[in-house]
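*Asks:* heads up, no residue letters with this:
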């Protein structure tokens, strides 16, 4: 199971409230329970057994137009030098379509790949590229 952004934000706000209600408390569960009881806002209990990773690009995007299936379901992933998919640093990025499942590797860095694919990012804000962070307000 991946991280649910809305639940993460609710828990973060409840933790802030809980710390104000119980300043000496370090038990997260106690802080969440106190804040939930005081505000009436329920929260989803999450175990580390079921929530074991942050969302992957395939789960959250940003999604781009796939040249093969012509749907906006392609993600671009940067590869680290040591990862097996980079084949010893030969490839720097890859594209993967979650629609048609086509995967292509490129020896280009991310910015070069954007140029190669015709995606103009030079004067773009992260929101126009489809990038959302947990710290952003108003995540849809």
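*Replies:* Yep, that arrived. Treat the numbers as computed from the prediction; the structure is a model and nothing was measured. Numbering: from 1, shown residues only.
*Asks:* list the buried ones in the longest strand along the chain?
*Replies:* In the chain, assigned by DSSP state E, the strand with the most residues is strand 72-78. Neighbour-count burial for strand 72-78, counted by 16 or more other C-beta atoms under 10 Å, picks out 73-77. Just so you know, the C-beta spots here come from the backbone N, C-alpha and C atoms, and that holds for glycine as well.
*Asks:* in its sheet, what does it sit against?
*Replies:* As defined by DSSP bridges, the strand partners of strand 72-78 come to strand 64-65 (antiparallel), strand 93-97 (antiparallel).
*Asks:* which residues are in contact with the first one?
*Replies:* Outside of strand 64-65, the residues that reach it under the criterion C-beta atoms under 8 Å, 6 or more residues apart in numbering are 71-72, 74-76, 95, 117, 119.
*Asks:* now do stretch 37-47
*Replies:* 4, 7, 10-11, 13-14, 17, 21, 32, 35-36.
*Asks:* let me know the closest of the contacts of strand 64-65 to residue 25.
*Replies:* Using C-beta to C-beta, residue 75 is the member of those that lies nearest residue 25, at 40.5 Å.
*Asks:* name the nearest residue to the closest one, ignoring sequence neighbours.
*Replies:* residue 57 (4.3 Å; C-beta to C-beta, 6 or more residues apart in numbering).
*Asks:* check which residues of the biggest helix by length in the chain are buried.
*Replies:* Looking across the chain with DSSP state H, the single longest helix is helix 5-21. Using 16+ other C-beta under 10 Å as the test for burial, helix 5-21 gives 5, 8, 10-11, 14, 17-18.
*Asks:* deepest of the strands paired with strand 72-78, which one?
*Replies:* When you average the neighbours per residue for each of those (mean count of other C-beta atoms under 10 Å), strand 93-97 leads with a mean of 19.
*Asks:* chain center to that one, what's the gap?
*Replies:* Taking the mean of its C-alpha atoms, strand 93-97 sits 16 Å from the chain's own mean (C-alpha atoms, centre = their mean, to the nearest Å).
*Asks:* which helices and strands sit right next to the lowest-mean-pLDDT helix or strand in the chain?
*Replies:* Scoring the helices and strands of the chain by mean pLDDT, DSSP states H and E places helix 57-60 at the bottom, with a mean of 74. In terms of contacts (3 or more C-beta pairs under 8 Å, 6 or more residues apart in numbering; DSSP states H and E), helix 57-60 is packed against strand 72-78.
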